[in-house]
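**Student:** Here's a sequence, model it:
(chains A and B)
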Number of protein chains: 2
Amino acid sequence: MNTVIPKEIIDNYFKEIEIDNLNRASIRQVGAAVANAEKITGKEFIHFEMGVPGIAPSAVGVKAQKEALDRGVAAKYPNIEGIPELKEEASRFVKAFINTDIAPKHCIPTCGAMQGTFAAFLLCSQLDPKKDTILYIDPGFPVQKMQAQVMGVKTESFDVFEYRAEKLGPKLESYFSKGNICCVVFSNPNNPSWMCLNSDEIRTIGELATKYDVIILEDLAYMTMDFRREGLGVPFQAPYQLSVSHYTDNYVMMISASKIFSYAGERIAVACISDKLFDRSYETMRQRYGISKFGAVYAYDMLYSMSSGVTHSVQCAMAAMLKAASDGVYSFREDIREYARRTERIKKALLENGFHIVYDKDLDEPVSDGFFFTFGYNKPDGTPMEGGELLRQLLYFGISGIVLSSTGSVLQGIRGCSSNIREDQFEVFEERLRLFNQANS
Amino acid sequence: MNTVIPKEIIDNYFKEIEIDNLNRASIRQVGAAVANAEKITGKEFIHFEMGVPGIAPSAVGVKAQKEALDRGVAAKYPNIEGIPELKEEASRFVKAFINTDIAPKHCIPTCGAMQGTFAAFLLCSQLDPKKDTILYIDPGFPVQKMQAQVMGVKTESFDVFEYRAEKLGPKLESYFSKGNICCVVFSNPNNPSWMCLNSDEIRTIGELATKYDVIILEDLAYMTMDFRREGLGVPFQAPYQLSVSHYTDNYVMMISASKIFSYAGERIAVACISDKLFDRSYETMRQRYGISKFGAVYAYDMLYSMSSGVTHSVQCAMAAMLKAASDGVYSFREDIREYARRTERIKKALLENGFHIVYDKDLDEPVSDGFFFTFGYNKPDGTPMEGGELLRQLLYFGISGIVLSSTGSVLQGIRGCSSNIREDQFEVFEERLRLFNQANS
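**Tutor:** You can find the predicted model right below:
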């Protein structure tokens, strides 16, 4: 078989690190295998594995951050609850783009949504001794499951692909009715599938959260990136980002600067806690921490003990980016629309070379083009190539990604991220797909 | 009694927040009471309560951070293990000022030492099911105990004041020999007492750590700030910072930028893990995380899941500050010596007005002047005023602090921090001490 990268280079590397099944390889291990192959062969891979911004950071943020440094904020511990202007602007941003009212006091910065969910998982798991389990609506971000493992909290999960529309409610209730679920995490659009639950489905999640007193952690890492819906991302104007906050008071929304503002390096997000949940008192918390309110424990026990707050100059950057977006002078969605353009071209090339899109539809509508996409390949007998095997084959042809199984998916395929493909790489990419298809069909 | 602040203003505030005993008030609650009194009376307090830098942030750091932002690092996720130049410079800094050899690979940035200890506590508590308890050498930083409470790990502690010199070994062994201690945390100089364990005592800690296989977390937040020891803080030249790393391989040193570089706002420290400990394999870790080495789990499971690494631009700042210090072009110790000058004047005023220094000696030598100091007051009958009562009385006279009991101390008194007193406040301070003494003697 004619491959782009000698097979032994890939195979030997994985043998060396004791990985024989690529379903068990972490992103980092795949990345290391790719780096090793690039070094030996001098051939650059098409890097679909990493979900990192591929455009410049928000200029508004960089400018504000530098000005803050000039003011000497580096010496001053940041307020744990967040600097006032950030809290104000986060509240305003939520109103502008989600049309949800949250008081500034209840918008709290975190060191990325990663810290935001870590702190929320830990807090939710301590509120009620009977509710000791996190439910993941999969496919999802693998590290969120690792978080539960790190803190020793139990988990349950299901692949929502098989439970869309009217099937979602009964599926959720089958978990909630057992009484052990403290919180649910989901993302819209979803990493990796880029599916978007529709408003009926999100309403179902919200209503059941209220009924069973479960907290919903809504990860809005990719908010407004459903590029099928024109008009999203215009401040104070419908349509708005779909959100569970429209249907329940039991929620925490995580709004991260990483993707929407291309600010991943600086580690900031805002946890927007519903007004009611923020002020809700828990006797368990009073006994454990001497304070009882959800929001206060979140800030003063969780976030305080995890990092003493969020980098001061970055809070200033975030405040400025949120403000510029709400003011309508920073059209962040137009910047990140570039990912959709790249994904459209990538998908076209995949389809022309024998591949298919794995998570191809939201109910009866094709999924949006965006940051992530999923793809699979059918063997000559018409059955899908197993995900781990597919990744190995792709690596032979200089294309990387992550296996869908690592995201809790029950389907066979690969998650790709379009963010880092360059204009000059499309031709190489298409040629590699052609060679792959030739070798495997 | 003639007070500076009407007593009712203080008393009513604490009544309102249901605190009748000031031993139970957090720093934050004291701060809120003070802010309330300042607002009502228009009189500024002497703010001894907050341990925050009172000088400008390192100019070297600010410059490097702004340059990094100009290079666009804000868009790029930072390497979880730290950017290469930071790792190199951390290793070199440790050699320059502590005279300990640690490979760059084993120096990993954290979002402040707060995240560094959180991650280390959690990891240490998971290594061996029998070793489920953290031992604190008190008095210490209260939030480090809150961290254990947040993660649900057991704790033990003792006030080292009563176990100095040859008493320290037997005391430690009385804990270690039970077999349940996973790690020990201590700081030198110590927050709040500013005591410094001497090299014999630190050797004892190190040797027993090796004997009983316990990990020592050495919090070097105030490194080189024992201002009695001239010549500290000169790169690659004795004397060096005392450190447990000279006596055992079972250690993690936390080097924070917050105080030594006045960079508290930006949340960065470096966890320097001993070469041997970093590479040590634990079967428990392999089972739980699929990887077995202490250092790898620390970075890729703990830190990754807690914040996806440390703010990228701040890593660049830290690398530059460490480098400038090791190059000998940034004499950071001379900048922070200002705290010792302030503390010397404060202590003099205290002693002239009937107060005494609580933790006054390291064995037979007076403790150094530095960032924190401790003080108490004897009642007319010659017995010490109880700490909570003393704080309340001080608040009546416009002076704040925190009660020593909150730090695990068995002695009666107050922790003060000299960092934020201004030149123009000394006269006011002395007058208030005089009034306090008049009213209470």
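
**Student:** With adjacent residues omitted, what lies nearest to residue A:306?
**Tutor:** residue B:118 (5.5 Å; C-beta to C-beta, 6 or more residues apart in numbering or on different chains). Backbone N, C-alpha and C define where each C-beta goes, glycine included.

**Student:** The strand or helix carrying that neighbour - what's its average pLDDT?
**Tutor:** Residue B:118 is located in helix B:112-126, with elements delineated by DSSP states H and E. Mean per-residue pLDDT for helix B:112-126: 98.

**Student:** which strands and helices sit next to whatever helix or strand comes next after it?
**Tutor:** The helix or strand immediately downstream of helix B:112-126 is strand B:133-138, counting by DSSP H and E. Secondary-structure packing of strand B:133-138 (3 or more C-beta pairs under 8 Å, 6 or more residues apart in numbering or on different chains; DSSP states H and E): helix B:112-126, helix B:142-151, strand B:154-159, strand B:181-187.

**Student:** Please render the ones you listed as a markdown table that adds mean neighbour count to the earlier fields.
**Tutor:** Listed next are the helices and strands packed on strand B:133-138 as a markdown table, based on neighbours: other C-beta atoms under 10 Å in any protein chain shown:
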| stretch | mean neighbour count |
| --- | --- |
| helix B:112-126 | 26 |
| helix B:142-151 | 20 |
| strand B:154-159 | 16 |
| strand B:181-187 | 24 |
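
**Student:** And the ones you listed: which comes nearest residue A:131?
**Tutor:** Residue A:131 lies closest, by C-beta to C-beta, to one member of the helices and strands packed on strand B:133-138: helix B:142-151, at 17.7 Å.

**Student:** Taking strand B:154-159 as reference, get the angle to that closest one.
**Tutor:** Compare the direction of helix B:142-151 with that of strand B:154-159 by axes from the mean of the first three to the mean of the last three C-alpha atoms, to 10 degrees and you get 160 degrees.

**Student:** Give the buried residues for the helix ranked longest in chain A.
**Tutor:** Identified as the longest helix of chain A according to DSSP state H is helix A:332-352. Counting neighbours by 16 or more other C-beta atoms under 10 Å in any protein chain shown, one finds that the buried residues in helix A:332-352 are A:332-333, A:335-337, A:339-340, A:342-343, A:345-347, A:349-350.

**Student:** Would you mind naming what in the stretch 151-300 of chain A lies close to chain B?
**Tutor:** A:151-152, A:258, A:262-267, A:288-290, A:300 (C-beta under 8 Å from any C-beta of the partner chain).

**Student:** any chance you could map the strands in the stretch 251-400 of chain A?
**Tutor:** Listed in chain order, the strands of the stretch 251-400 of chain A (DSSP state E, counting those that start in this stretch) span A:251-256, A:269-273, A:355-357, A:361-362, A:365-366, A:372-377, A:399-400.

**Student:** Dump these to a markdown table, plus distance to residue A:424, mean pLDDT and mean neighbour count.
**Tutor:** Listed next are the strands of the stretch 251-400 of chain A as a markdown table, based on distance: least, C-beta to C-beta, whole Å; pLDDT from 0 to 100; neighbours: other C-beta atoms under 10 Å in any protein chain shown:
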| stretch | distance to residue A:424 | mean pLDDT | mean neighbour count |
| --- | --- | --- | --- |
| strand A:251-256 | 30 | 98 | 27 |
| strand A:269-273 | 33 | 98 | 28 |
| strand A:355-357 | 22 | 98 | 19 |
| strand A:361-362 | 32 | 92 | 16 |
| strand A:365-366 | 28 | 94 | 11 |
| strand A:372-377 | 20 | 98 | 25 |
| strand A:399-400 | 16 | 98 | 22 |
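
**Student:** Quick one: closest of those strands to residue B:432.
**Tutor:** Closest to residue B:432 of the strands of the stretch 251-400 of chain A, according to C-beta to C-beta: strand A:269-273, at 40.8 Å.

**Student:** Quick one: residues in contact with that closest one.
**Tutor:** A:82, A:86, A:90-91, A:94, A:100, A:102, A:106-116, A:119-120, A:245, A:251-258, A:294-295, A:298, A:318, A:322 (C-beta atoms under 8 Å, 6 or more residues apart in numbering or on different chains).

**Student:** Show me which residues of stretch A:64-83 are buried.
**Tutor:** Applying 16+ other C-beta under 10 Å to stretch A:64-83 flags A:64-66, A:68-69, A:73-83 as buried.

**Student:** just to revisit the earlier point, output the strands of the stretch 251-400 of chain A as CSV; include the columns distance to residue A:51.
**Tutor:** Listed next are these as CSV, based on distance: least, C-beta to C-beta, whole Å:
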stretch, distance to residue A:51
strand A:251-256, 12
strand A:269-273, 15
strand A:355-357, 18
strand A:361-362, 20
strand A:365-366, 21
strand A:372-377, 7
strand A:399-400, 12
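
**Student:** Determine which of the ones you listed approaches residue B:363 most closely.
**Tutor:** Across those, the minimum distance to residue B:363, taken as C-beta to C-beta, is reached by strand A:269-273, at 47.8 Å.

**Student:** Adjacent strands (with direction) for that closest one?
**Tutor:** Partners of strand A:269-273 in the sheet, by DSSP bridges, are strand A:107-110 (antiparallel), strand A:251-256 (antiparallel).

**Student:** Can you lay out these as TSV showing distance to residue B:432?
**Tutor:** Formatted as TSV, these follow (distance: least, C-beta to C-beta, whole Å):
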stretch	distance to residue B:432
strand A:107-110	36
strand A:251-256	45
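
**Student:** now for the ones you listed, which one comes closest to residue B:208?
**Tutor:** Closest approach to residue B:208 among the strands paired with strand A:269-273 (C-beta to C-beta): strand A:107-110, 38.5 Å.

**Student:** Please state the offset of that closest one from the chain centre?
**Tutor:** Put simply, strand A:107-110 sits 17 Å off its chain's centre (C-alpha atoms, centre = their mean, to the nearest Å).

**Student:** Likewise for stretch A:280-292?
**Tutor:** 31 Å.

**Student:** now the end-to-end length of that stretch.
**Tutor:** Stretch A:280-292 has its terminal residues 8 Å apart, counting by C-alpha to C-alpha, to the nearest Å.

**Student:** try stretch A:392-403
**Tutor:** Length of stretch A:392-403, first residue to last, C-alpha to C-alpha: 10 Å.

**Student:** For that stretch, what is the distance to the chain centroid?
**Tutor:** Put simply, stretch A:392-403 sits 22 Å off its chain's centre (C-alpha atoms, centre = their mean).

**Student:** cool, and stretch A:403-421?
**Tutor:** Counting by C-alpha atoms, centre = their mean, stretch A:403-421 is centred 13 Å from the centre of its parent chain.

**Student:** ditto for stretch A:348-356
**Tutor:** For stretch A:348-356, the separation from the chain centroid amounts to 25 Å (computed by C-alpha atoms, centre = their mean).
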